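Asker: Take a look and give me a structure for this.
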Amino acid sequence: ARDSEHSTALMHAVMCGRGDAARLLIASRAQLDLVDSDRNTALIYAAQQTTFGQSRSGMIQLLVSAGSPVDTINVEGQKASNYGPTAQTREAIQQGLEEFRVAQSGLPVVQRKVVALLISHGIIESIAQVIVGYWDTFWHYFMGIR
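Answerer: Predicted coordinates:
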């Protein structure tokens, strides 16, 4: 579902600094590459936020590590890496990309084959959904959430 500006629930969660809602939406297969009427993605909105401090970097890392595209250009001709304190933004993007790479390379061969099979049958769209699922399972266990 989108609003009149074509923004998604994930974009609104990011704009409001709601990491918990963003994490839930990502785990529920929210599309990370969707753009609104200004061609902004959820990642661009996360990078534009200036009031969330450290949670801003965490939101950027979350989106990138889940597979959000980092090179989308909005109507202003800007990518996510051009917003906010750019050094901080770029560092968060790089950390997210590294987490994504490590998670992908860390899957054993059998798991990679299972993921490829799930993707080919349309059950999941990307490896990012499996990675977020593993993270959420660990987080719930760690926090004692059943």
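
Asker: wouldn't residue 44 be in contact with residue 78 here?
Answerer: Yes - Residue 44 is within contact range of residue 78, at 7.5 Å (criterion: CB atoms under 8 Å). Bear in mind the C-beta positions are built from the backbone N, C-alpha and C, glycine included.

Asker: more neighbours, those two?
Answerer: It is residue 44, of residue 44 and residue 78, that has more neighbours when counted by other CB atoms under 10 Å, with 27 against 16.

Asker: Which pLDDT value goes with the more buried one?
Answerer: With respect to pLDDT, residue 44 scores 96.

Asker: List the contacts of the nearest residue to it once chain neighbours are set aside.
Answerer: Nearest residue to residue 44, sequence neighbours excluded (CB to CB, 6 or more residues apart in numbering): residue 80, at 4.8 Å. Residue 80 makes contact with 41, 43-44, 46-47, 60, 70, 72, 89, 93, according to CB atoms under 8 Å, 6 or more residues apart in numbering.

Asker: Let's see which of the residues you listed end up in strands.
Answerer: Counted as lying in strands by DSSP state E, out of the contacts of residue 80, is not a single one.

Asker: Could you single out the nearest of the residues you listed to residue 20?
Answerer: Nearest to residue 20 among these is residue 46, at 14.4 Å by CB to CB.
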